[in-house]
Each structure stands twice: as structure tokens, then as C-alpha cells.
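Enquirer: sequence-free structure coming up:
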Ligand SMILES: [Zn+2]
Ligand SMILES: [Zn+2]
């Protein structure tokens, strides 16, 4: 997602309207357990404020993850407000800043970072999800099994703690 900034890079206060729909390279590999099939939509503005480019806008992304309890695939959508700054890379920038050089700015990393930060740590298909039986692995939402908790072996105890 390279944005041509030749029209605003030299003019203080100049701005660009952005409306982008694109797949972000490397997004999937930077977060485990999430799949992104659709392109990411971004709508916003890029404004030159004293040589610093301020990105202000809104991002929509659809993703598939798994229920933390029963591991069923879940499709979700997320909207993220984006507010980032890009400093001219030729000047000294602190490590946290995004940079641009010449007539182009790549906003991919900024968008990607915002998505990764906002993805949920845990998701449930429903609040009442019963999860999987720790003993036979059956989906307890589909049917109860006859397994008894007390027959649990130590290895399963570890799994139980893992899922609780
Ligand atoms: Zn579930
Ligand atoms: Zn069972």
C-alpha cells in the first residue's frame, strides 16, 4: 500500500483523501490463529503538518479465528480507528515512529500493527459454549458424553487447566 505523497510532501497543511482496499502482506503470519480472506478496507486522510504526515482514519477488517473453548471457526469483523504519524526518514526519527522517504509512504505496517494490537485474545462462539470434553474430546455443545471427571489422568489435568 504505497501512497504517492508528491502533492502534499512539500506543502504544509496539504492533505490527501485515501480510500484503499488491499490485502496486507504478512498480516496472517504475524498473528497465530487468525485468517484474513478479504482485503482490508481503509478510509481516511493523510495530512502534512510541518513535515510530519498524520494518518487519520478508519479500518475495517474481516477475519476467521477459533472459539477458545470448542475450537469452532468463528467469522468476525472489526473496525479500528487509526491515528498514526510518519516522519521523514532522512531526519532523525525515534524508534517508535513510522517513516517515509521521497514521494511515497507505505502505510502497511501502521495498519498491520493496529490490527494485531486490536485482535481479541480469546473468543467464544457463545458465552454459554460448553467447550470440548477434556477426556474424549467430544463437542459438549453437540451432546453430553459419559466421561467422568474423576477418571481424569494427570496429563488431562494439565489440559483442563490450560482451557479454564
Ligand atoms: Zn465454542
Ligand atoms: Zn467425553
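Expert: That came through, no problem. Quantities reported herein were computed from a predicted structural model and do not represent experimental measurements. Ligands and ions are numbered 1, 2, ... in the order given.

Enquirer: mind showing which ranges of this protein have poor pLDDT?
Expert: Low-confidence segments of the chain (pLDDT under 70): 90-95, 149-164.

Enquirer: Walk me through the domains of it.
Expert: 2-118, 130-164 (automatic domain parsing).

Enquirer: Ok, which of the ones you listed comes nearest ligand 1?
Expert: Counting by CB to the ion, ligand 1 lies closest to domain 2-118 out of the domains of the chain; the figure is 3.1 Å. In short, each C-beta sits where N, CA and C put it, glycine included.

Enquirer: The closest one and ligand 1, are they touching?
Expert: Yes. Residues of domain 2-118 are located near ligand 1 by CB under 5 Å from the ion, namely 67, 69-70.

Enquirer: Present the residues you listed as CSV; the columns should include secondary structure and neighbour count.
Expert: Converted to CSV, the residues of domain 2-118 next to ligand 1 look like this (DSSP: H, G, I helix; E, B strand; the rest coil; neighbours: other CB atoms under 10 Å):
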residue, secondary structure, neighbour count
67, coil, 18
69, coil, 21
70, coil, 19
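
Enquirer: starting at the chain centroid, how far to stretch 98-107?
Expert: Here stretch 98-107 is found 22 Å from its chain centre; the criterion is CA atoms, centre = their mean, to the nearest Å.

Enquirer: Up against ligand 2, what does the protein have?
Expert: 133, 135-136, 138, 145, 147.

Enquirer: redo that, cut-off 8 Å
Expert: 133-138, 140, 145-147 (CB under 8 Å from the ion).

Enquirer: Next step: the residues you listed restricted to helices.
Expert: Nothing among the residues of the chain next to ligand 2 maps onto helices, per DSSP state H.

Enquirer: From the residues you listed, list just the buried residues.
Expert: 133-135, 140, 147 (16 or more other CB atoms under 10 Å).

Enquirer: Most widely separated two among these?
Expert: Across those, the longest distance by CB to CB is 10.8 Å; it joins 135 and 140.

Enquirer: so is the spatially most central residue of the chain in a helix, a strand, or just coil?
Expert: Nearest to the mean C-alpha position of the chain, by CA atoms, centre = their mean, lies residue 115 at 2.7 Å. With DSSP: H, G, I helix; E, B strand; the rest coil as the basis, residue 115 sits in helix.

Enquirer: Look up the closest residue to it, ignoring the ones flanking it.
Expert: For residue 115, ignoring the flanking residues on the chain, the nearest one in space by CB to CB, 6 or more residues apart in numbering is residue 61 at 5.7 Å.
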